[in-house]
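A.B. asks: have a look at this prediction, sequence included:
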Amino acid sequence: MDMIVAESRGALAARLAAEVAGELRHALDTHGRASLAVPGGTTPGPFLERLGAEPLPWERVTVTLSDERCVPADHPRSNYRLVAATLLAGPARAARLVPLYDPALPPEESLAVWSAELARAVLPLDVCVLGMGDDLHTASLFPGAAGLAAALDPAGEHPLLPVRAPADGERRITLTAPCLRAAGHVHLLIQGTAKREALDRALASRSVAEAPVRVVLDRPGRTTVWYAD
Ligand SMILES: O=C(O)[C@H](O)[C@@H](O)[C@H](O)[C@H](O)COP(=O)(O)O
């Protein structure tokens, strides 16, 4: 795991956007298309906006989410809504955004439909940008979550699984650990001393169940942590 510390949160967003754009360009040059997963939450907005302004052939890029709350796409908590409003607000609007959840379908059918679409058109991810919580979750792989063991299973064959966030029981859909670990490049975007301290706890932890973010940390040269105070 490599770590880059930026002098400000603005510089962090700009530097990560340039790095991810370069990795997408490499994927496009190598196999004609590129796939990217991005997180929701309160941190990634400036990064997503900077990336979306990059001059790429976005019509050949497929974007999806690291996880999704089980809410309609126009709901304030929707990650799809966040990404559509930031990353896809400019030149990147030509990209295809693949959701992880369709409230119009029964949950099992929604999971099957989008799992199949990820397998057909998105996976393996060329680039995966993730966030992290102070509780050491990433995507929606929350410690103590109902469904966590199946989502962490290294032999698991599902790219997507349902979980419930332990704090409030919110239903979520998450990319699973094998799916995250198969990504070409993983970038963990964190800000603030509380998350810096949480990262230290994750690195010291010996339990993936207690520190799910570990599923992407032990990847020398393929995972980079991006941090600013
Ligand atoms: O749906 C989500 O909430 C995200 O995908 C989640 O994994 C997020 O990255 C972390 O919870 C950090 O969130 P903040 O950026 O808000 O701290």
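C.D. replies: Happy to help now that I have it.

A.B. asks: wait, what's in contact with the closest residue to A21 other than its chain neighbours?
C.D. replies: Computed as C-beta to C-beta, 6 or more residues apart in numbering, the closest residue to A21 that is not its neighbour in sequence is E54, at 4.0 Å. In short, each C-beta sits where N, CA and C put it, glycine included. Applying C-beta atoms under 8 Å, 6 or more residues apart in numbering, we find E54 in contact with 17-18, 21, 91-92.

A.B. asks: which one of the residues you listed is nearest R81?
C.D. replies: Nearest to R81 among the contacts of E54: A92, at 15.4 Å, using C-beta to C-beta.

A.B. asks: is that closest one part of a helix or strand, or is it coil?
C.D. replies: Put simply, A92 is helix when judged by DSSP: H, G, I helix; E, B strand; the rest coil.

A.B. asks: skipping adjacent residues, who's closest to it in space?
C.D. replies: G52 (3.9 Å).

A.B. asks: for the one you found, grab phi and psi.
C.D. replies: phi -60, psi -20 (degrees, to the nearest 10).

A.B. asks: isn't it up against A94?
C.D. replies: No - using C-beta atoms under 8 Å as the test, G52 is too far from A94 to be in contact (10.3 Å).

A.B. asks: more crowded one of these two?
C.D. replies: A direct count of neighbours by other C-beta atoms under 10 Å for G52 and A94 places G52 higher, at 23 against 13.

A.B. asks: CA atoms only for the lengthiest helix in the chain - export them in PDB, please.
C.D. replies: In the chain, with assignment by DSSP state H, the single longest helix is helix 9-31. What follows is helix 9-31 as a C-alpha-only set of coordinates in PDB (Å, rounded to 0.1, in the frame of the first residue of the first chain):
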ATOM      1  CA  ARG A   9      -8.200  18.900   0.400                       C
ATOM      2  CA  GLY A  10      -8.400  20.800  -2.900                       C
ATOM      3  CA  ALA A  11      -5.000  19.600  -4.000                       C
ATOM      4  CA  LEU A  12      -6.000  16.100  -2.900                       C
ATOM      5  CA  ALA A  13      -9.000  16.100  -5.200                       C
ATOM      6  CA  ALA A  14      -7.000  17.500  -8.100                       C
ATOM      7  CA  ARG A  15      -4.100  15.100  -7.800                       C
ATOM      8  CA  LEU A  16      -6.300  12.000  -7.400                       C
ATOM      9  CA  ALA A  17      -8.400  13.100 -10.400                       C
ATOM     10  CA  ALA A  18      -5.300  13.400 -12.600                       C
ATOM     11  CA  GLU A  19      -4.100  10.000 -11.400                       C
ATOM     12  CA  VAL A  20      -7.400   8.300 -12.100                       C
ATOM     13  CA  ALA A  21      -7.700  10.000 -15.500                       C
ATOM     14  CA  GLY A  22      -4.200   8.700 -16.400                       C
ATOM     15  CA  GLU A  23      -5.200   5.100 -15.300                       C
ATOM     16  CA  LEU A  24      -8.400   5.300 -17.400                       C
ATOM     17  CA  ARG A  25      -6.400   6.500 -20.400                       C
ATOM     18  CA  HIS A  26      -4.100   3.600 -20.000                       C
ATOM     19  CA  ALA A  27      -7.000   1.200 -19.900                       C
ATOM     20  CA  LEU A  28      -8.600   2.800 -22.900                       C
ATOM     21  CA  ASP A  29      -5.300   2.600 -24.800                       C
ATOM     22  CA  THR A  30      -4.800  -1.100 -23.700                       C
ATOM     23  CA  HIS A  31      -8.300  -2.600 -24.300                       C
END
